[in-house]
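Chemist: Below are the sequence and a predicted model for it; my questions follow.
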Amino acid sequence: MPVFAANLTMMFNEWSFLDRFDAAADAGFSAVEYLFPYGEKSEAIADRLTRNGLTQALFNLPPGDWQAGERGMAALALRFDDLAASIAKGLDYAQAVGAKRLHLMAGLADPNDPVAQKAYHRSVVYAAEKLSECGIALLLEPINPRNMPGYFLNNVDRAADFIQGLGLSNVKLQFDIYHCQIIHGDVATRLRQLIPMTGHVQIASVPSRHEPDGEELNYPYLFNLLDELDYQGFVGCEYIPSGHTLDGLGWFKPFARR
Ligand SMILES: O=C(O)C(=O)CO
């Protein structure tokens, strides 16, 4: 049975950020993820996790200036020093909250630009080494160009080739089924091929990015497939509830911790 992590950036927005941990646990989740923890003290997050018996599945390393439109720095050759500092900050948080997976965002850059490709390679190798010293996996996530126009890592197959070519044991694919369906389709076949290198899965309906219980993907089939493939990681619920978060959790009832 998949283990679901509530995405506290998108779900439980009816509560303040720290109270979302309590709300997710009350709703039966045993794990959480979110984009960024950096607006809170790591001790406060660690306290919410402990009191609720929650596992911190994943979060993102700092992405540069998000408000100004940055979406990561890994492919930006001129931002390497900022990237190195951001990895140190992310690692401090990860160790405080016990996270074993961190997502490195690539940034906005042309995927065919050799300068960006070289910068991305350098950044990923550097980040992988720093994270491996702490026993943490580095996740790379292809994101569809409709949600994030101009994003460097916008193709699942290219990301998989890149990870395979690197051959670093702690670098893993973040397989967001929503993004994969929009970019390529053929999700089940890609899951079968790529599950050995997949360190985290995320879900949402397509095209609306709502609860995984309608529209063009058959999630019950895909959840069974993850079991059949013996996927041992978390499944992050990175979806925008279509109404109140709790009203949309019917799909989750059979999986909820009691
Ligand atoms: O936009 C997304 O899908 C992300 O997970 C960004 O980290």
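Modeler: Here it is on my side, so go on. Numbering: from 1, shown residues only.
Chemist: Next, please give the residue ranges for the helices of the protein.
Modeler: Using DSSP state H, the helices of the chain run over residues 17-26, 42-52, 80-97, 114-132, 156-166, 177-183, 187-194, 219-228.
Chemist: what's the offset of the second one from the middle of its chain?
Modeler: So that's helix 42-52. 20 Å (CA atoms, centre = their mean, to the nearest Å).
Chemist: Equivalent analysis for the last one, please.
Modeler: In terms of CA atoms, centre = their mean, the centre of helix 219-228 is set 19 Å apart from its chain centre.
Chemist: In the stretch 101-250 of the chain, where is pLDDT below threshold?
Modeler: Across the stretch 101-250 of the chain, no stretch falls below the confidence threshold (pLDDT under 70).
Chemist: Write out the residues of it neighbouring the ligand.
Modeler: The stretch 101-250 of the chain comes close to the ligand at residues H103, M105, E141, I143, D176, E238, as judged by CB under 6 Å from any ligand atom. For the C-beta atoms, the positions are set from N, CA and C on the backbone; glycine is no exception.
Chemist: Recalculate using a threshold of 8 Å.
Modeler: Counting by CB under 8 Å from any ligand atom, the positions of the stretch 101-250 of the chain adjacent to the ligand are H103, M105, E141, I143, N147, M148, Q174, D176, Y178, H179, Q202, E238.
Chemist: circling back to that earlier point, deepest-packed of the helices of the chain, please.
Modeler: Mean neighbour count (mean count of other CB atoms under 10 Å) peaks for helix 177-183 among those, with a mean of 22.
Chemist: Now that one - C-alpha only, PDB.
Modeler: The C-alpha coordinates for helix 177-183 follow below in PDB (Å, rounded to 0.1, in the frame of the first residue of the first chain):
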ATOM      1  CA  ILE A 177       2.900  11.700 -12.300                       C
ATOM      2  CA  TYR A 178       1.000  15.000 -13.000                       C
ATOM      3  CA  HIS A 179       4.000  16.500 -14.800                       C
ATOM      4  CA  CYS A 180       4.800  13.300 -16.700                       C
ATOM      5  CA  GLN A 181       1.300  13.000 -18.000                       C
ATOM      6  CA  ILE A 182       1.400  16.600 -19.300                       C
ATOM      7  CA  ILE A 183       4.800  16.300 -20.800                       C
END
